[in-house]
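Trainee: have a look; sequence and predicted model below, questions after that.
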Amino acid sequence: MGNKKFSVRVSLVTLAISVILLSGGFISLISYYGSKMSIHFLVEGLMENICIHTIDKTFSYMQTAPISAEITEFMFAEKLLDLEKKDVLSRFFKSIIEANPQIVSIYYGNEKDARFLMQRKMEDESISEKYMYTAKDKVVTEWKHSNPAHEKDFPDTEEESPGSYEPRKRPWYADAQKKGEHIWTDIYLFETDRLPGLTYSTPIFYKETLKGVIGIDISIKDLSYFLGEQKIGKSGKAFFINKQYQIVAHPLLKGEKFHAIDETAMDEEDHEIVNSIHAFRDKVKGQSWVDIKKQPVFFVHEHEGETLMNMYCPFPGDKFDWVIGIVVPEDEFMYLIKRNNKLIWGSSAVLILMAVFVGLIFARRISKPLSLLEKEMDEVKAFRLISGTDIRSSLLEVDNMAKSFQGMKHGLQSFQKYVPADLVRELISIGKEAIPGGEKKELTIYFSDIANFTSISESLSPEDLVDLLSEYLDSSSQRITDQHGTIDKYIGDSIMAFWGAPIPLENHAINACLAALNVKRNLKVLETKWQGQGKPILKDRIGINTGEVIVGNIGSNSRMNYTVIGDSVNLASRIEGLNKYYGTEILISESTYQKVKDDLFARKIDIVSVKGKQQGTCIYELISEKDKADAFLKAWVASYEDGLNFYLEKKWEKAIASFEKAIQSNRLDAASIAFIKRCQLYKENPPPTDWDGVFKMVSK
């Protein structure tokens with residue numbers, strides 16, 4: 001389509017067509033979710049039937065225990081079985097286990113003498129007999145194993161009566177004796193293997209006298225294996241929980257590890273079940289267990305990006321205080337609908353793509369340049385005016401908008417060079433217009449000036465001078481802004497900057513001093529470069545002061561400058577000028593020193609009264625960061641400060657000796673040389689008795 005321009009109206013028409021097509025897709029989506037709700041309604045009934053069917057199978061699975069107990073009771077009542085004949089009873093018990101794989105063990109505890117006879121199915125499916133009786137005050141345990149390999153783990157024993165196994169005190173016996181009828185015990189740990197299970201107990205009476213109790217064990221582990229054999233869709237799972245929301249049994253394949261009830265089976269392989277139980281607890285929160293067991297509960301929840309359908313049904317009656325849970329992935333029921341929808345959407349997609357192809361072309365012509373323009377505007381809003389993308393559009397209105405924006409951006413780039421960028425960002429962020437006014441704040445003020453600049457400027461052509469000065473100012477300004485300083489103005493070869501406004505800065509004094517040190521370090525790099533180019537070397541002097549100033553927009557409504565004014569500003573300027581007298585490069589005031597002394601290394605230079613001031617102030621030479629001050633520097637500074645203290649005490653000879661020692665450490669120490677001359681002068685012409693050590697400067 002070349003460079004042809006299109007109006008927004010044409011684009012909007014194209015967009016409207018696209019919206020119509022999207023509406024068709026939205027209708028299809030509503031149809032899908034309507035079908036989904038219908039499926040959920042049907043699945044709820046289906047899962048309830050599955051619950052009932054699984055409960056029926058579970059009852060059938062466990063019914064072998066009551067049936068076997070009734071057969072035993074009947075045979076005893078008809079005198080077909082004598083409980084006192086051990087061999088006969090043992091063979092009978094063994095036949096029941098062989099005929100009923102659900103039964104783990106069957107046993108008989110005698111009421112009179114606590115004799116105990118058990119036939120038990122071992123882990124390898126072999127059957128072992130356990131017989132316990134009391135002889136001569138000792139409990140004797142005799143084992144008969146069909147597999148001799150068990151003799152090591154289950155040997156014959158003789159134990160003292162106290163602490164030995166007492167069948168009449170076990171839950172299966174005591175509960176049946178107490179109630180006098182057939183019972184299912186609660187889940188407990190079997191004595192032999194310490195795995196959980198439950199027992200169907202049958203009290204045996206003869207002429208209303210309790211003869212003993214027959215117990216038949218059903219293992220929870222075997223019940224879990226039973227659940228593992230039940231097929232609920234492709235990947236559905238059935239499980240039982242008790243009123244403590246513990247997993248009683250969960251589906252396992254033969255040979256898989258079984259988790260005891262007290263471990264709640266919360267491991268990786270059962271994460272869907274565990275998550276379903278958590279969701280069920282949230283669903284029935286606030287309901288009693290009695291209310292929960294009244295009716296089935298169906299709900300859907302999300303887990304790890306998968307939709308799961310859940311049904312919880314109570315066991316009927318009061319034999320088992322359990323609830324059966326079933327969890328099935330929704331996709332098992334929704335896959336046909338999803339497949340049909342894919343076919344519909346696939347067929348429709350071909351037609352829709354053809355219809356929207358033209359619309360997409362027009363949408364791209366609108367959205368891409370507008371999106372780029374939006375990003376560029378965000379950059380301008382943050383006053384980041386670096387060169388961006390060249391925006392072009394075939395739409396006339398958008399193209400004109402982009403050109404106007406680029407013109408505005410170029411104008412702002414020029415404007416940025418005249419005002420502090422942080423100030424403009426602050427004004428933009430708060431959405432206020434700059435108006436004259438100021439506020440009192442504590443800031444740190446920075447002044448720098450190039451030494452002997454007049455003579456240097458006379459030795460260079462105007463072009464070379466501007467290039468050299470620009471390189472110096474650019475380098476120094478970068479170090480100032482790196483430490484979050486605001487450059488107020490350039491006064492010829494001088495720089496005025498401050499810290500703490502417009503953006504508040506907690507450690508503004510430290511930032512200002514670090515900027516000064518970085519300016520000096522970078523200036524040494526530039527010196528090497530300039531020497532190689534045959535250019536003059538620039539040396540600058542820096543003065544820093546911290547104090548209260550008026551900061552704000554100073555000027556008129558038509559033209560103003562964001563700057564600082566006040567006595568603290570003047571003092572910073574005067575301190576910068578003192579470098580010339582003491583031969584120093586960076587001088588800071590007492591107020592600045594107090595804020596940086598814990599982090600930076602400096603020496604006390606003098607107590608001076610600058611021009612225009614009657615009161616003296618301490619000034620310090622900033623030398624380096626504290627961790628960079630070596631023993632040499634510390635010794636030199638100590639000698640100098642000793643000399644200064646002797647000087648203030650009017651001990652001229654000692655002062656001269658200390659200053660000379662300082663010069664031996666640093667022959668370029670012009671401050672020590674100046675103080676030696678001052679001490680010699682005072683020796684000949686002593687100061688007045690009320691002299692306080694303040695040195696008055698008569699020039700700037």
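Mentor: Cool, got the structure.

Trainee: surely Phe601 and Glu621 touch.
Mentor: No - if you go by Cβ atoms under 8 Å, Phe601 and Glu621 don't touch, sitting 9.8 Å apart. Quick note: C-beta positions are derived from backbone N, CA and C, even for glycine.

Trainee: of those two, who's got more company?
Mentor: Glu621 (22 against 19; other Cβ atoms under 10 Å).

Trainee: can you give me the distance of the more buried one to Ile588?
Mentor: Distance, Glu621 to Ile588, by Cβ to Cβ, to the nearest Å: 8 Å.

Trainee: which neighbours do the two have in common?
Mentor: Contact criterion Cβ atoms under 8 Å, 6 or more residues apart in numbering; residues shared by Glu621 and Ile588: Ala602.

Trainee: for the stretch 1-150 of the chain, give me the ranges with low pLDDT.
Mentor: For the stretch 1-150 of the chain, the stretches flagged by pLDDT under 70 are 1-29, 31-36, 38-40.

Trainee: for Thr54, list the residues it contacts.
Mentor: Contacts for Thr54 (Cβ under 8 Å, 6+ apart) come out as Leu227, Gln230, Ile232, Ala238, Ile324, Ile326.

Trainee: for Asp567, which non-adjacent residue is spatially closest?
Mentor: With sequence-adjacent residues excluded and distances taken as Cβ to Cβ, 6 or more residues apart in numbering, Asp567 is closest to Gly547, at 7.4 Å.

Trainee: so where does the one you found fall, helix or strand?
Mentor: Counting by DSSP states H and E, the element that carries Gly547 is strand 540-555.

Trainee: and that strand, which residues are buried?
Mentor: If you call a residue buried by 16 or more other Cβ atoms under 10 Å, then strand 540-555 has these buried ones: 540-547, 549-553.

Trainee: is the residue nearest to Asp567 bridged to anything, and to what?
Mentor: When bridges are called by DSSP bridges, Gly547 pairs up with Leu443.

Trainee: hmm, Glu442 and it touching each other?
Mentor: Yes - using Cβ under 8 Å, Gly547 is in contact with Glu442, at 6.6 Å.

Trainee: gap between Tyr173 and Ser201?
Mentor: Tyr173 sits 7 Å away from Ser201, going by Cβ to Cβ.

Trainee: list the residues that contact both of the two?
Mentor: Any residue near both Tyr173 and Ser201 by Cβ under 8 Å, 6+ apart counts here, and that gives Val213, Gly215.

Trainee: Asn570 belongs to a strand?
Mentor: No - under DSSP: H, G, I helix; E, B strand; the rest coil, Asn570 falls outside any strand and is assigned helix.

Trainee: so it versus Gly547, what's the distance?
Mentor: Per Cβ to Cβ, Asn570 is found 10 Å from Gly547.

Trainee: could you do Val248 as well?
Mentor: Distance from Val248 to Gly547, by Cβ to Cβ: 78 Å.

Trainee: what's the answer for Glu166, then?
Mentor: Going from Glu166 to Gly547 by Cβ to Cβ gives 92 Å.

Trainee: what's the answer for Ile605, then?
Mentor: On the measure of Cβ to Cβ, Ile605 and Gly547 end up 18 Å apart.

Trainee: what do you get for Leu538?
Mentor: When Cβ to Cβ is the yardstick, Leu538 and Gly547 sit 29 Å from each other.

Trainee: tell me where the model's unsure across the stretch 401-550 of the chain.
Mentor: Residue ranges of the stretch 401-550 of the chain with pLDDT under 70: 401-435.

Trainee: and the helices in it?
Mentor: Counting by DSSP state H, counting those that start in this stretch, the segments of the stretch 401-550 of the chain that form helices are 421-430, 453-458, 462-482, 508-533.

Trainee: quick check: nearest residue in space to Trp636, chain neighbours excluded?
Mentor: In this structure, Trp636 finds its nearest non-sequential neighbour in Ser665, 3.8 Å apart by Cβ to Cβ, 6+ apart.

Trainee: contacts only, for the one you found.
Mentor: Neighbour list for Ser665: Phe632, Ala635, Trp636, Ser639 [criterion: Cβ under 8 Å, 6+ apart].

Trainee: the first one: what's it in contact with?
Mentor: What it means is Phe632. Ser665.

Trainee: do you know how far it is from Ile106?
Mentor: Noted for Phe632: a distance of 96 Å to Ile106, by Cβ to Cβ.

Trainee: what do you get for the third one?
Mentor: Using Cβ to Cβ, one gets 100 Å for the distance from Trp636 to Ile106.

Trainee: of the two, which one has the most company?
Mentor: Ile106 (28 against 20).

Trainee: part of a strand, is the more buried one?
Mentor: Yes - Ile106 forms part of a strand when assessed by three-state DSSP.

Trainee: between the contacts of Ser665, which is nearest Asp193?
Mentor: Phe632 (81.2 Å; Cβ to Cβ).

Trainee: Gly228 and Lys254 touch, don't they?
Mentor: Yes - the criterion here is Cβ under 8 Å, and Gly228 meets it with Lys254 at 7.5 Å.

Trainee: neighbour count for those two, which is higher?
Mentor: Using other Cβ under 10 Å as the criterion, Gly228 and Lys254 rank with Gly228 on top: 17 against 8.

Trainee: secondary structure element for the more buried one, which one?
Mentor: Judged by DSSP H and E, Gly228 forms part of helix 220-229.

Trainee: other residues contacting that helix?
Mentor: Contacts for helix 220-229 (Cβ under 8 Å, 6+ apart): 54, 57-58, 61-62, 102, 104, 187, 195-198, 237-240, 248-254, 256, 258, 261.

Trainee: next secondary structure after that helix?
Mentor: Past helix 220-229, further along toward the C-terminus, the next helix or strand under DSSP H and E is strand 237-241.

Trainee: show me what that next one is packed against.
Mentor: helix 8-62, helix 220-229, strand 247-249, helix 271-283, strand 323-329 (3 or more Cβ pairs under 8 Å, 6 or more residues apart in numbering; DSSP states H and E).

Trainee: how many residues are close by the nearest residue in space to Leu526 that is not next to it in sequence?
Mentor: Leaving aside its sequence neighbours, Leu526 sits nearest to Ser475 (Cβ to Cβ, 6+ apart; 6.2 Å). By other Cβ under 10 Å, 15 other residues sit near Ser475.
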